[in-house]
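**Student:** Turn this into a model:
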Amino acid sequence: MLDEELTLKRRSVWKRVKETDRDDIESLSKEYRAFIDNAKTEREAVKLTERLALDNGFMPIEEIERLANENEDLDLSGKRGYIKNKDKNIVLFILGRKSISEGFKMVGSHVDSPRLDLKPNPLVETEKYAMLKTHYYGGIKKYHFANIPLALHGVVFKRDGSKVDIVIGESDNDPVFTVNDLLIHLAKKVQYERKTPDVIKGEELNILFSSIPDSETKEKSKTKMMALRLLYEKYGITEEDFVSAEIEAVPAGRSRNVGIDMSMVGGYGQDDRICAFCSLKALFEMDVPEFTSIAFLADKEEIHSEGNTAMQSNFFPWALSKMLSLQGDASSLTLLDTLRRGKAISSDVGAAVNPNFPKVHEENNAPRMGNGIYLQKYSGSRGKYEANDANAEFVAELRKIFNENDIIWQAGELGKVDEGGGGTIAKYMARLGMEVADAGPALLSMHSSFEVASKADIWMTIKAFKAFYGSI
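**Tutor:** Modelled structure (predicted):
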C-alpha cells in the first residue's frame with residue numbers, strides 16, 4: 001500500500017515479539033537487573049565489567065601484546081581485549097579482520113549516575129545526632145533523595161595507603177541511612193514558600209548516621225565520637241581517612257519488576273548503565289567482526305565529562321594507539337586517520353513520554369517506552385548549544401542498518417524547544433573526528449532514584465548494537 005510506504009509508523013516492540021521471544025526477554029531482564037544491582041557506582045561497574053569480560057574470553061591488552069611479541073605471524077583478528085583506566089573507566093574490543101586503521105565500530109556509554117557524595121570532612125554532630133554532610137553529583141531533583149533508604153558504596157584509602165571497600169545498606173542484615181525531610185505539620189513557612197528546586201536545599205542533604213552517644217569520651221560531640229569508634233572497630237577508618245575516600249550514597253535495595261504484566265524494570269542508575277549493559281552484551285555475542293568492535297564505558301558524564309576518566313580525557317586516543325601498536329603502526333598520523341574513519345554510537349537514554357506530564361514533549365518527536373531504540377540526531381538545549389548534531393549521511397547509515405536487520409527504532413529529541421535539554425558524550429567523541437549519533441532506550445523518571453525501562457527496549461537495543469557492530 002502506498003500509504004504504508006510514505007508514512008512513518010510508530011511500532012511497539014511487544015507487537016513484534018513472538019511467544020518464543022518472551023522467555024529470552026525475561027531471561028535477559030534478570031541478567032540486566034543483576035548487572036545494575038551489582039554496579040551502583042562507576043568503580044563497581046568497571047569491576048563487574050572486567051569480571052564479565054574475562055568470563056567471555058577477553059584478556060588485558062598486555063596479554064595480547066605478549067602473545068604478539070612471541071609470535072610475529074600471530075593472526076590477531078578475533079582477539080578479545082580490554083584496557084582499564086584508574087578503575088573507573090574501561091574499554092573492551094574485538095579486533096576485526098580489517099586493520100584498525102581502516103576504521104572501527106564503537107558504542108560508548110557512561111557508568112556514573114546522579115547521587116550524593118560524602119564531603120571531604122563529612123562527619124558532624126547536630127542536635128545529638130551524628131550526620132554525614134554530602135555534595136550532590138550530577139543533575140538531581142534534590143527531594144528525590146529525602147526519606148528513602150540509602151546505602152553507602154565506595155572506597156577509603158587510609159593513612160598507610162591501604163584500601164578499604166565500603167558497601168553498607170544492601171544486605172538484609174545491614175543498616176540503611178536516610179536524609180530526613182520535614183513533616184507536613186511544620187513545613188508551611190520553612191518549605192512551602194520555597195521554589196521546587198529548593199524544597200530540599202543542597203546543604204540540607206545531610207544523612208542520618210547514628211544516635212548513640214559515647215559515654216566514655218571527654219569530647220563534646222559524644223555521638224560523633226561513638227560513630228568514629230564504630231567505624232574504626234569495623235573498618236579501621238579514622239576521621240582523617242575520609243579526605244582520601246570516595247563514598248557515594250545511593251538508593252538502597254534491588255531493582256524490581258514493574259507493572260502487573262511485569263513488562264518493565266524499575267531501579268536506580270539505569271541512566272546510563274542500561275546502555276553499558278546492552279553494549280557489553282552485544283559485544284560478548286559477536287564472533288570475528290569485519291571492523292574492530294569497541295565498547296567504551298566512560299565516567300563523569302553527569303558532570304560534563306570532566307576529569308581523567310571521562311570522554312574528554314586522552315584515555316580513548318591512548319587506548320586506540322595501544323590497539324594500533326598491536327598491528328605495528330601507532331604513529332600520530334595513523335591515529336588521527338583512524339579516528340576520522342571511526343563510526344560510533346553515543347549510547348545514552350532518552351526521556352520517554354511521561355503519561356502524567358505529556359505536555360513537556362512535542363508529540364511528533366517524543367520517544368515512547370516500548371517502541372524500540374531511540375535515535376537522536378542531536379542533543380543540547382536552546383538552539384542546540386552543547387550538542388553533537390550528527391551528519392545526515394551517518395544517520396542514514398544507521399537507519400539503513402536498523403531497517404535491514406528488522407530493528408524497531410524511533411527518532412526524536414529531548415522535550416519541546418526551550419523546555420529543557422541535555423547532553424551526552426557524543427560531542428566529545430565527535431571532536432576526535434568520528435561519525436557519531438546518539439541512540440539508546442527511552443526511560444521514565446530519568447535521573448530519579450527509581451527509573452523505569454521497558455524490557456522489550458533492552459532486548460531490541462542489544463539487537464541494534466549487534467547489527468551496528470556487524471555492519472560493513
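
**Student:** contacts, neighbours, all on C-alpha from now
**Tutor:** Fine.

**Student:** Which secondary structure element of this protein has the lowest mean pLDDT?
**Tutor:** helix 2-6 (a mean of 75; mean pLDDT, DSSP states H and E).

**Student:** following it, which helix or strand comes up?
**Tutor:** helix 13-16 (DSSP states H and E).

**Student:** in that next one, what's buried?
**Tutor:** 13-14 (16 or more other CA atoms under 10 Å).

**Student:** Please apply the same query to stretch 93-107.
**Tutor:** Those would be 93-96, 99-101, 103-107, for stretch 93-107 by 16+ other CA under 10 Å.

**Student:** Just put the residues you listed in JSON lines and tack on secondary structure and distance to residue 171.
**Tutor:** Listed next are those as JSON lines, based on DSSP: H, G, I helix; E, B strand; the rest coil; distance: CA to CA, whole Å:
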{"residue": "93", "secondary structure": "strand", "distance to residue 171": "34"}
{"residue": "94", "secondary structure": "strand", "distance to residue 171": "36"}
{"residue": "95", "secondary structure": "coil", "distance to residue 171": "40"}
{"residue": "96", "secondary structure": "coil", "distance to residue 171": "43"}
{"residue": "99", "secondary structure": "coil", "distance to residue 171": "48"}
{"residue": "100", "secondary structure": "helix", "distance to residue 171": "45"}
{"residue": "101", "secondary structure": "helix", "distance to residue 171": "48"}
{"residue": "103", "secondary structure": "coil", "distance to residue 171": "46"}
{"residue": "104", "secondary structure": "strand", "distance to residue 171": "42"}
{"residue": "105", "secondary structure": "strand", "distance to residue 171": "40"}
{"residue": "106", "secondary structure": "strand", "distance to residue 171": "36"}
{"residue": "107", "secondary structure": "strand", "distance to residue 171": "34"}
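
**Student:** Could you dump those residues into CSV and include distance to residue 251 and pLDDT?
**Tutor:** Below are the buried residues of stretch 93-107 laid out as CSV (distance: CA to CA, whole Å; pLDDT from 0 to 100):
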residue, distance to residue 251, pLDDT
93, 32, 98
94, 35, 98
95, 38, 97
96, 40, 97
99, 45, 95
100, 41, 95
101, 44, 95
103, 41, 96
104, 37, 97
105, 35, 98
106, 31, 98
107, 28, 98
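
**Student:** Of those residues, which pair is most distant in space?
**Tutor:** Spatially, the most separated pair among the buried residues of stretch 93-107 is 99 and 107, at 18.5 Å (CA to CA).

**Student:** ok, residues contacting stretch 456-467?
**Tutor:** 13-14, 25, 28-29, 107, 263, 274, 278-279, 281-283, 285-286, 369-373, 401-402, 405, 407-408, 440-442 (CA atoms under 8 Å, 6 or more residues apart in numbering).

**Student:** if we go to 7 Å?
**Tutor:** 13-14, 25, 278-279, 281-283, 370-373, 401-402, 405, 407-408, 440-441 (CA atoms under 7 Å, 6 or more residues apart in numbering).
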